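J.: Fold the following.
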Amino acid sequence: MIIADLSQITGRTYPARRRTQNIVGGVSPIQATNFAMGNVTLEPNGGQVPWHNQEQEEVYFIVEGEGEMCLGEERIAVKSGQAAYIPSGVFHQLTNTGSTPMRMIYVYGPAGDVAHWKQELEGTLPPAGVGSTPPLPAGAQPQCTKKPE
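T.: The predicted model follows:
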């Protein structure tokens, strides 16, 4: 039996002020072909999964905290106990709008890396509304495009 223990998974910190811990896939001891799963902690007051899209369909489940979910042209407040479905290819962003950490679980399939992780670490994540990247929905929190220091 292979066990991934969240308390033993260091994870990776991203410039948009979040820490991602792979539970299935990535550097986790559990590998699957059909899906990946992880725990994400967004820092208070603006920690973010920035505006991006990917080929995999995905679900974000909010474990604790409150935030703003943008999906395509939609923007909605989300809170613990809610799940958001993200269709393949649709741009999306999650921002912690609260004063405490926000935690969510992602699941996407099929498994594999998603480009926005590497782009964010390299400072090459395409900005919203530039080139082929659509703008954020009206009134949305700004996308974090901060380059790593």
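J.: Give me the most central residue, this protein.
T.: In the chain, the centroid-proximal residue (C-alpha atoms, centre = their mean) is residue 49; its distance is 3.9 Å.
J.: That one in helix, strand or coil?
T.: Following DSSP: H, G, I helix; E, B strand; the rest coil, we place residue 49 in the strand state.
J.: contacting residues for it?
T.: With contacts defined as C-beta atoms under 8 Å, 6 or more residues apart in numbering, residue 49 is in contact with 16, 18, 40, 42, 60, 92-95. C-beta: built from backbone N, CA, C; applies to glycine.
J.: where does it land on pLDDT?
T.: pLDDT, residue 49: 97.
J.: what are the bridge partners for it, then?
T.: Beta bridges link residue 49 to residue 94, judged by DSSP bridges.
J.: just the helices in this structure please.
T.: 115-122 (DSSP state H).
J.: so where is it shaky, pLDDT-wise?
T.: Along the chain, segments meeting pLDDT under 70 span 147-149.
J.: For it, just list every one of the strands.
T.: Along the chain, counting by DSSP state E, strands occupy 12-14, 18-24, 36-42, 48-52, 57-64, 66-71, 74-79, 83-86, 92-96, 102-109.
J.: ok so, going back, and which of the contacts of residue 49 is nearest to residue 74?
T.: Ranked by distance to residue 74 (C-beta to C-beta), these are led by residue 92 at 9.4 Å.
J.: Show the contacting residues for that closest one.
T.: 49, 51-53, 58, 69-72, 86.
J.: Check residue 78 too.
T.: 60, 62, 66-69, 84, 94 are the contacts of residue 78 under C-beta under 8 Å, 6+ apart.
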